[in-house]
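*Asks:* Sharing a model that was predicted from the sequence below.
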Amino acid sequence: MPKFFDEIIKEESLKKVFEKVFSGRTLQTLHKLASKGLFREVEFQINDGKEAHVFRATDASGNFLAVKIYKIETSEFNAMAQYIEGDRRFLGVKKDKRSIVLAWAKKEFKNLQLLADAKANAPFPIAFRENVLVMEFIGKNGEAAPAVKDRPPKDLKAFRNAMVEFFARAYSRGLVHADLSEYNVLNNGENFVVIDVGQGVLTSHPNAGEFFERDVQNIASYLSKHGESVSAAELTAEIRQRLESLR
């Protein structure tokens, strides 16, 4: 491991994760981002998904950040491709694994920018470079917020309203999440924050309608399963009504 990582990564167990999972090029990318002052130290891992590892980091002022590193060698890039192809922002992306993963990282950053512009409840994007994304840390007192699947809402009606608000605000900026469920909504003290937006597509995408309907059905099914009976059609009507009020 390069010597500069002794300054950024303090825990030996975390260094082993980096040595095992990430290439020298990824480590150099992290170093370049750290050199710009975007973060000072990578502390520990807070999530390990199919496509990325997420770590808590701190900046020079001690503020917490989330650093998401997309896996290049082990990502299911064939599944990723369907969300990139048809997106006019990424025309001409090569079909090799590295190109797809780098496009995915850029796509998540751009989608987060759209959501920030829409004032939707999602992490604020700070920077990205190649397969590394730096963004707002979601949690309290340094503890990462759990997913709704692990900490169900105390008030299902409030969760329902929050999801309607997210759907409408995202759509108002021409974005569909395309993989929305209780697995990628964080429960930050009953404040519900949507994450993992890399697969999000513009409403101009040929499959946007299908993805939107699937997202709505996922949330309607979750609500109904936990006692807040609502159909996908009813939820869609609420989203449309809220969307009209935003225009």
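*Replies:* Thanks, I have the structure now. Numbering: from 1, shown residues only.
*Asks:* Provide the secondary structure category for the most centrally placed residue in the chain.
*Replies:* In the chain, the residue lying closest to the centroid (CA atoms, centre = their mean) is D196, at 2.3 Å. Under the three-state scheme (DSSP: H, G, I helix; E, B strand; the rest coil), D196 adopts coil.
*Asks:* my guess is it contacts N184, does it?
*Replies:* Yes - counting by CB atoms under 8 Å, D196 does reach N184; the two are 4.1 Å apart. For the C-beta atoms, the positions are set from N, CA and C on the backbone; glycine is no exception.
*Asks:* Tell me if I am right that M80 is in a helix.
*Replies:* Yes - under three-state DSSP, M80 falls within a helix.
*Asks:* Helices along this structure, start to end?
*Replies:* Here the chain has its helices, by DSSP state H, at 5-8, 12-21, 24-35, 77-84, 97-118, 156-172, 208-225, 232-246.
*Asks:* Could you work out which of those reaches nearest to N141?
*Replies:* In terms of CB to CB, the element of these nearest to N141 is helix 12-21, at 20.6 Å.
*Asks:* buried set for the closest one?
*Replies:* Buried residues in helix 12-21, defined by neighbour count with 16 or more other CB atoms under 10 Å: 14-15, 17-18.
*Asks:* One more: stretch 34-41?
*Replies:* For stretch 34-41, the neighbour count (16+ other CB under 10 Å) marks 34, 38-41 as buried.
*Asks:* how about those residues, which pair is most distant?
*Replies:* Across the buried residues of stretch 34-41 (CB to CB), the longest gap, 11.6 Å, separates L38 and E41.
*Asks:* what's L65 in contact with, if anything?
*Replies:* Listed by CB atoms under 8 Å, 6 or more residues apart in numbering, the contact set of L65 reads 38-39, 56-59, 126, 134-137.
*Asks:* Inside strands: which ones of those?
*Replies:* 56-58, 126, 134-136 (DSSP state E).
*Asks:* most neighbours, which of those?
*Replies:* Neighbour count (other CB atoms under 10 Å) singles out A57 as the most crowded of the ones in strands among the contacts of L65, with 25 neighbours.
*Asks:* can you list the weak-confidence ranges in this protein?
*Replies:* 1-7, 10, 74-78 (pLDDT under 70).
*Asks:* Break it down into its domains, please.
*Replies:* 5-140, 145-246 (automatic domain parsing).
*Asks:* on that earlier part again, which among the buried residues of stretch 34-41 gets closest to N207?
*Replies:* Distance to N207 across the buried residues of stretch 34-41 (CB to CB) is lowest for L38, with 34.0 Å.
*Asks:* Is it correct that that closest one is in contact with A60?
*Replies:* No - using CB under 8 Å, L38 is not in contact with A60; the gap is 9.6 Å.
*Asks:* which of the buried residues of stretch 34-41 lies closest to Y222?
*Replies:* Nearest member of these to Y222, counting by CB to CB, is F39, at 33.8 Å.
*Asks:* can you tell me which residues contact the residue nearest to the closest one when sequence neighbours are not counted?
*Replies:* Spatial nearest neighbour of F39, excluding adjacent residues (CB to CB, 6 or more residues apart in numbering): A57 at 4.2 Å. By CB under 8 Å, 6+ apart, the contact list for A57 reads 39-43, 64-67, 134, 137.
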